[in-house]
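Peer 1: Would you be able to build a 3D model of this:
(chains A and B)
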Amino acid sequence: MATAVIETGERETYLNKEYGIKSWLLTVDHKRIALLYLMGITFFFFIGGFFALLIRLELLTPAGDLVQADTYNKLFTMHGQIMVFFFLIPAVPAVLGNFLIPIMIGAKDLAFPRINLLSWYLYMIAGVMMLYTIINGGVDTGWTFYTPLSTEFLNTHVISAGLSIFVAGFSSILTGLNFVVTTHRMRAPGMTWSRLPLFVWAHYATSIIQLLGTPVLAITLVLVVAERLFHLGIFNPALGGDPLLFQHLFWFYSHPAVYIMILPGMGIVSEIVCCFSRKRVFGYQAMALALLGIAVVGFLVWAHHMFVAGISLYAALIFSILSYFVAVPSAIKVFNWTSTMYKGSISYQTPMLYAFGFIGLFTMGGLTGLFLASLGIDVHVTDTYFVVAHFHYIMVGGMVMAYLGGMHFWWPKISGKLYPEAWGRLAALLVFVGFNLTFFPQFVLGYMGMPRRYWDYSHSPEYQILNVLSTAGATVLAVGYLLPMVYFLWSMRYGKPAPDNPWNAAGLEWKIPSPPSTYNFEEQPVVTWEAYNYDELDKRAEEVPVAH
Amino acid sequence: MFQTMPLWPARASSMANNVDALYIFLLVVSGMMTLLIFIMVVFFAVRYRKRPGHHAEQIDGSHALEITWSVIPFFVFMVFFGWGAWIYFQERKPPQNAAEVYTVAKQWMWKFEHMEGQREINELHVPIGRDVKMIMTSQDVIHSFFVPAFRIKQDVLPGRYTVAWFHPTKAGTYHLYCAEYCGTQHSGMVGSVVVMEPKDYEAWMGGGGNQPLAVTGERLFSELGCITCHRADTQGRGPTLAGIYNKPVLLEDGRTVTADDNYLRESILQPTAKVVNGFKPIMPTFQGQISDEQLNALVAYVKSLGQQPSGQTGGKSIAAARPQTE
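Peer 2: Sure, this is the predicted structure:
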């Protein structure tokens, strides 16, 4: 197939087919929509990151001296809301999933290209509403919107923030719907379920959660807004409501949402580990089943966020034991990635460095999750920095590592250009070191008892040293995140043209030109091989000298 | 420098050693698991690095291995679960004879009321060696009572009582935090728990002049007119309250509930919610009429009824609660 392509730069691609703002804003090409998402997501990532830096600077000293208490409360609220709803949840599915799923299964586009564009518009409308909220003075409910604080006691922009996330939720639902239908209906001949790349399986599992979970969040936020406007008495005990009802509804979505964030990252890591080990994934079936297992059991553990909230003793026991059930498939995945490397032929390009980082940090994040699932420990460490450290190990150490690994892995395909490898490795190292320096001390802080969401800890100056370490780490982390931003942009203009398959990787996306043409495939591909057929690829590479 | 950076909070309650023991166990086991993964990743990455003449060997997987690394972690996890649950059971079941302290949380303050009538704000004095049960409610939003040195935490909710208990073992002054975000001055909603030698505690308590909480409640009981219906004989329009605390009560819809703190509280604020069998729903609501402190006093009074001179349940003051026999 590659023989038909002439590398003159004149070839028509999805990038140069049309020019002008209109050709982007009205596009129905999944690849262009992925790039539209990439811009929005990157923008919000840096806004949320900026808030995080201010939080870390405030905590450098025990006294609340950099910003006011209310400002600090707004900073951690908006950091959380932006990072969760405008970065972590959409990032991998809407950028990499959008770009790659149709290509990986041999389709021209997603099942509903216009709905895909609608998803992006909903995301942007939600984003504008969030920016409106910020510019008008922000919101200080905490990203969790706990009632009755959010409904009766705060004078900030709770309604616009809530509605913004409500709209973002629909964007997420539509993306999930699109992926489920696409995976069922659009697979190329021969692309059976057992030949799907794990990246696609991961997004399939994620989409199911998005479809089933997100409506509950939408309902909950509507109830919060209604309670705030009309004082219905759903969550307010003074009117006969129940504040714990809110927590049940909120976590019914927001715990599975953790898996919306991490499962696509697991898909990326599976692709990368196989490619840079030159091996078929160890235990393909177990890996696919584990993804589905996490998605299903993940719906049954929400109240482990509420062990000290006032739920019954027996409810707590059930939710504790179920939380351990969901840890088993996660353990399976870690062991399988590691075993995939066994007897491989391993090279250490940037994407693989991120995958190493992911495996290590996800392991630590997962294991500290077992601390929190253990009732006796949770009572002491919940709502402290231990929890903050734990979920940042999963979200930032896991998901963001995987996202960056995936961006480096597929950047040649997306942009048609190579990023500078040495800079890539340096950034990966900075991110890893900066991350651990930022968040490891927080485990210790949490066990010592420092509560989260504290603006001022001058009553407990013994926490300062660890906070200084954490803030120092955050600055390293910031540099690590800015670097890829700079050299990716640089590479778009100055980078070397990327060959069709720079990694000699398996998968349909590497059999088409970089960057792809608008309809991805010149003719309908027919799949006759299993996923991750690296033995065949390597054999062929030895027989025929690399074409490019 | 490191002297100023402790890695543990003080251990000042009977629960602290239990929790720390489990924590250390979890640290060791998960440390070993992490180390195992790290060593495997690093060893494979070096041993099987790409080099001329070296080829990957394709392995599809192994059902035996998949089962091994599902089942073994599962059993390890069940130990984590069981041990944690065992501690939680103790944390959630206050001893029968525990002394009681009523707690009202509000933005951004902790108010404590001892059964003897002493009131404290943001400071709680307790003696070594007594079980202390905190009966807590909030006047506004959700707060959380957190004493790291005791390893306990319990959310404090508006509209109901939640309970936490501890058994102090070491004299000292310990941090008390609000652990549930509660608005502007959340990080200012801090205080201290002062654990004292019993002798010092007696001296502190002897400050005197306070009216016991149940006596305050008794006065309110007649001032608010409760006494006209809830008479000591069985002739009143409302059920008699003597001795009902922690006893089962048959409701008019056939259900049976236990007349615990939360039931008493609800029956004062929403009298028609759970009406006792044989009585009419004629009691007016006191929602908005009385403060949380007055409500606590009324509940304390009802609990004290029918259990003098030394009943086995509820309403114990710290001074009256017997020290645990060592």
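Peer 1: where's A:Leu54 relative to chain B, distance?
Peer 2: When distance is defined by C-beta to the nearest C-beta, to the nearest Å, A:Leu54 is 16 Å away from chain B. Every residue, glycine included, has its C-beta placed from N, CA and C.
Peer 1: I'd say that residue and A:Met78 touch.
Peer 2: No - using C-beta atoms under 8 Å, A:Leu54 is not in contact with A:Met78, being 10.3 Å away.
Peer 1: more neighbours, those two?
Peer 2: A:Met78 (21 against 16; other C-beta atoms under 10 Å in any protein chain shown).
Peer 1: and the more buried one, what pLDDT?
Peer 2: Looking at A:Met78, its pLDDT is 96.
Peer 1: What of A:Pro499?
Peer 2: pLDDT for A:Pro499: 95.
Peer 1: Which of the helices or strands spans the residue nearest in space to the middle of chain B?
Peer 2: Centroid-nearest residue in chain B, with C-alpha atoms, centre = their mean: B:Ala164, separated by 1.5 Å. Taking DSSP states H and E as the definition, one finds B:Ala164 inside strand B:162-166.
Peer 1: Run the chain-centre distance for the next helix or strand along the chain from that strand.
Peer 2: Per DSSP H and E, the first helix or strand lying C-terminal to strand B:162-166 is strand B:172-178. From the chain centre to the centre of strand B:172-178 is a distance of 15 Å (C-alpha atoms, centre = their mean, to the nearest Å).
Peer 1: same question, stretch A:165-181
Peer 2: Worked out by C-alpha atoms, centre = their mean, stretch A:165-181 lies 15 Å from the chain centre.
Peer 1: For that stretch, buried residues please.
Peer 2: By 16 or more other C-beta atoms under 10 Å in any protein chain shown, the buried positions in stretch A:165-181 come out as A:165-180.
Peer 1: Skip the chain neighbours and tell me the closest residue to the residue nearest to the centre of chain B.
Peer 2: Spatial nearest neighbour of B:Ala164, chain neighbours left out: B:Gln154 (3.8 Å); criterion: C-beta to C-beta, 6 or more residues apart in numbering or on different chains.
Peer 1: quick revisit: now, among the buried residues of stretch A:165-181, which is nearest to chain B?
Peer 2: Chain B has its nearest neighbour among the buried residues of stretch A:165-181 in A:Ile165, at 17.7 Å by C-beta to the nearest C-beta.
Peer 1: Check the buried residues of stretch A:165-181 one by one and keep those near chain B.
Peer 2: Near chain B, taking C-beta under 8 Å from any C-beta of the partner chain as the test, no member of the buried residues of stretch A:165-181 is found.
Peer 1: just these now: which is nearest B:Ala56?
Peer 2: If you rank the buried residues of stretch A:165-181 by distance to B:Ala56 using C-beta to C-beta, A:Phe179 comes first, at 31.2 Å.
Peer 1: circling back to that earlier point, only alpha carbons, please: show the strand holding B:Ala164 as CSV.
Peer 2: Output in CSV follows, covering the C-alpha atoms of strand B:162-166 (Å, rounded to 0.1, in the frame of the first residue of the first chain):
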residue,chain,number,x,y,z
THR,B,162,-23.2,11.3,64.2
VAL,B,163,-21.0,9.6,66.8
ALA,B,164,-17.3,9.2,67.3
TRP,B,165,-15.5,7.8,70.3
PHE,B,166,-12.0,7.5,71.7
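Peer 1: Pairing partners for it, with directions?
Peer 2: As defined by DSSP bridges, the strand partners of strand B:162-166 come to strand B:132-138 (antiparallel).
Peer 1: and after the partner strand, which helix or strand comes next?
Peer 2: Immediately after strand B:132-138, counting by DSSP H and E, sits strand B:143-147.
Peer 1: Listing partners with orientation, what would you give for that following strand?
Peer 2: strand B:152-156 (antiparallel), strand B:172-178 (antiparallel).
Peer 1: Pull out the buried residues from that strand.
Peer 2: Going by neighbour count (16+ other C-beta under 10 Å), the buried part of strand B:143-147 is B:143-147.
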